[in-house]
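**Q** model the following, please.
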Amino acid sequence: MSEDIRDSNIELVTEEGSTPMIEEPGANPVKMVMDRMHGRWIWAIALGCLLAPVFAYLGYKLAPVTYESTAVLTVESRLETLVEETPETREIRVDQEVQEQAQLLRASQVLSRALRSPELLAYQTGGRSGIAEHIADHLDVQVPRGGAIILVSMSDKDPVFAARAVNAIVTSYKDTFQPNRDEDFQSKVSRIQTRINNTRDRIDIHKRQKIEILRDSQYAITDVDSIMSSNVEEIRRLEMQIADIGDQLDRIREFVALRVRQKAEANSTEPTEDELKPMLADRVDPGVEELAEIDPDLPRIEEDLARQQIAFDVVKEQFGSGHMAYRRAKSNFEAKRSSFNARLVAAMNAWKAGAGSQFTWGALSERQKTLSAELEELRRQNIKLGLDLLAAEDLDEKINSETAELRLLKARSLELDRERDSIRKGRVDETQPAVPSMTPDKDRRAALSVAGLFGGFGIAFGIFFLVGSIDQKTFGVCQLEDSRNTMRVLGVMPDMDEVEEDGDSVMLATDCVHRIRARIESRRSPERGYAMMVSSPFQGDGKTTLAVSLGWSYAESGYKTLLLDADFIGRAMSHQFGHLRDPGLREIIRNGEVSDEIHELGHPNLSLLSVGFDRRISAANLSPRLMSRVLDAVRDDYDLVIIDSGPITASIEAIPVASASDGVVLTLRRGRSRGRLSECISDVRSVGADYLGLVLNYANKSDCIRHGSTSRMSVSVRAALEGGEGAALPAARNPMLDSLDRSED
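**A** Just a heads-up that it's a prediction; the model follows:
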């Protein structure tokens, strides 16, 4: 084989194999599903038929079925009166009243009281849990627009429980916000009478106070000296507090000024007047001694940290940074320092959140203002003590006000006594209690059954889709094809052991082999003595069958072909032709020349070189150089040498044989994983051999028909052939032929 052809061939493979400039089109989801599910549809449907009824049954059984019970309350806008309207009987805004009562029905005390009712206690003692949460979540109080009714409803899977819960809520509402109306009326009358008596008592008290003020003090108040002395003591206390706050503000101001000046010096600038002003959150942070009130252990930890620092400095002077003692001392010191800093920050945060929040500039300033205001207030009080005689006039006004209130209370008591019957009736009445519902309010059993039915099939298909994504077994040639033709599919081979004796099956298998040969011929170099290795990723992929079939096809096409068995372990080709114990490849390698090791196979163009039986030559000591010598010895005598080797990923001799070969054809058995095909192709190209393509072995009939010959002889041609050479041409002719005939005439 010439070097020019060899180099151009390698360049061609490189260009075809590498596609960095070709943009991969978007993945077709339908093709992806068909790829993952190929060969698994029947199992997925079978599992779906099993899971679908199970999920449908579970959906039916687990679907929520709820029953709703409703109680109706009516609100009266006005009550009938006997003589005149009272606040209890006059007309009200019914919409507002309805909303208020509906809000009361939702109150937490209503639910709490309802849970103590005998009806709901029976469920709680019976083992049902979460009753309070269930009622709170499912109780619904509705007010129809423009109506004077309140609908209290609840849904539950138990219709009896729903009805009892609603009735318990309504009863609890009545007991909480509408107690016994007779008792309520009597209580109201009693409260009015109590207020009448209290008002009379207050009038008497005010009168006595006025007499005491005017009689006992020229300043309109008793013991003026005691009050003024008390005010003076309070003034002194406030002045001391204000002075103390001023000292603290001065400390903050000095601290802020020092910090600003240090920052300005670092930046070589002068601080501005605004920068020297403290902010509201500025404070003087406390030291460790002050923070000891928050965390008493801080001083001790600080001392421990100092001792740890000294110990670390000693170790650092004695040992280098890579020494174990240095790293251990450094780790202990950093851990101690991190612990101290964490506790210091925690104590500082606690101080800031607690006592420290009162020591900021803003808080102290505000406190100073408050105390100053209190101080001024006390001073004003002492000045105004002489004016307190005017309080007597206020007492007169109070007496007059209480007298007017007494008249109103007496009139109100008379109204209640006249409209006793109407008031006792009340405005809210239970029109209809809740009863257990006979039909479900919400029934999703049918919907969830259908969802479970489809879900069962979906899960089944999802499982096998996931299996197909993880276990990339190949069941059809379409799984090996893509838009870039990465695998370079050559064709398919049927299961030769199952090919029937009828003409169609044999013809289909023959067509598949010939089409594979034709594609190989379009890709390989045309020189004489071309060495083509047939291999596979795994043992048992049918590479021997493919090699023999290709040898027969090439022989039929007139190529003088040599089948070479280089599978040192399998030796299937030698065994198939009955030359397992005859001299062969091993002996040629051992002797360094070809003698009588090549055997004719009954076809003038087809010969066999078996693997041989010399145990001194094995796959372990086979090298590309030795294999090249064997091939060079037979190249001139044959048009094509087809080499059957072991699997690339599972044999020792495959790589040396591929290195000595001109081209490599891979085969993959149907049902095997295609996960290692890329690895095999990479190995072939790495040793310098041409990767000619891939053949799917043991393919199903549909793939064989697709990659075989489907052209057939037309009926008219067949009839003409059967009728002999003198048969007439068919009646239908190409009109262009008629025009040609006329032009000749």
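
**Q** helix, strand, or coil at Leu151?
**A** Three-state call for Leu151 (DSSP: H, G, I helix; E, B strand; the rest coil): strand.

**Q** could you report the distance from it to Ile681?
**A** Between Leu151 and Ile681 the distance is 75 Å, computed by Cβ to Cβ, to the nearest Å. Yep, even glycine has a C-beta here, placed from its N, CA and C like the rest.

**Q** mind listing what Glu317 touches?
**A** Glu317 makes no contacts at all, as judged by Cβ atoms under 8 Å, 6 or more residues apart in numbering.

**Q** and it, that one's in a helix?
**A** Yes: assigned with three-state DSSP, Glu317 falls within a helix.

**Q** which of the residues in the helix or strand containing Glu393 are buried?
**A** Applying DSSP states H and E as the criterion places Glu393 in helix 391-418. Buried residues in helix 391-418, counting neighbours by 16 or more other Cβ atoms under 10 Å, are found at Leu395, Lys398, Ile399, Glu402, Glu405, Leu406, Leu409, Arg412, Glu415, Leu416.

**Q** right, and Ser172 touches Ser117 too?
**A** Yes: with contacts counted by Cβ atoms under 8 Å, Ser172 reaches Ser117, the gap being 6.8 Å.

**Q** any common contacting residues for the two?
**A** Counting by Cβ under 8 Å, 6+ apart, Ser172 and Ser117 have no contacts in common.

**Q** the two: which has the busier surroundings?
**A** Ranked by neighbour count (other Cβ atoms under 10 Å), Ser172 and Ser117 place Ser172 first, with 22 against 17.

**Q** now do the helix or strand that contains the more buried one: which elements does it pack against?
**A** Ser172 belongs to helix 159-177 when assigned by DSSP H and E. Under the contact criterion of 3 or more Cβ pairs under 8 Å, 6 or more residues apart in numbering; DSSP states H and E, helix 159-177 touches strand 65-75, helix 94-105, helix 108-115, helix 118-125, helix 131-138, strand 139-142, strand 149-156.

**Q** so for stretch 381-396, mean pLDDT?
**A** Taken as a whole, stretch 381-396 has an average pLDDT of 68.

**Q** how far does that stretch stretch from start to finish?
**A** Terminal residues of stretch 381-396 are spaced 23 Å apart (Cα to Cα, to the nearest Å).

**Q** repeat for stretch 491-508
**A** Stretch 491-508 has an end-to-end distance of 12 Å (criterion: Cα to Cα).

**Q** coming back round to it: return the distance of the helix holding Glu393 from the chain's centre.
**A** Relative to its chain's centre, helix 391-418 lies at 72 Å (Cα atoms, centre = their mean, to the nearest Å).

**Q** in stretch 106-116, what's buried?
**A** Using 16+ other Cβ under 10 Å as the test for burial, stretch 106-116 gives Val110, Leu111, Arg113, Ala114, Leu115.

**Q** contact partners for Arg195?
**A** Arg195 makes contact with Leu409 under the criterion Cβ under 8 Å, 6+ apart.

**Q** burial check on Glu376, number of neighbours?
**A** Glu376 has 12 neighbouring residues, counting by other Cβ under 10 Å.

**Q** Leu151 and Ile681: which has the busier surroundings?
**A** Higher neighbour count among Leu151 and Ile681: Ile681, with 21 against 17, using other Cβ under 10 Å.

**Q** tell me the helix or strand right after the helix or strand Asp250 falls within.
**A** Assigned by DSSP H and E, Asp250 belongs to helix 224-267. Going down the chain from helix 224-267, the next helix or strand is helix 273-276, by DSSP H and E.

**Q** contacts for that following helix?
**A** Val256, Ala257, Val260, Ala264.

**Q** for stretch 166-178, same thing?
**A** By Cβ under 8 Å, 6+ apart, stretch 166-178 touches 69-71, 73, 101, 104-105, 107, 109-111, 113-115, 117, 119-120, 135, 139, 152-154, 184, 426, 428, 430, 433-434.

**Q** mark which of these are buried, thanks.
**A** Buried residues within these, counting neighbours by 16+ other Cβ under 10 Å: 69-71, 73, 101, 104-105, 110-111, 113-115, 117, 120, 135, 139, 152-154, 428, 430, 434.

**Q** tell me where the stretch 601-745 of the chain has strands.
**A** Ranges of strands in the stretch 601-745 of the chain, per DSSP state E, counting those that start in this stretch, are 606-609, 640-644, 663-669, 690-699.
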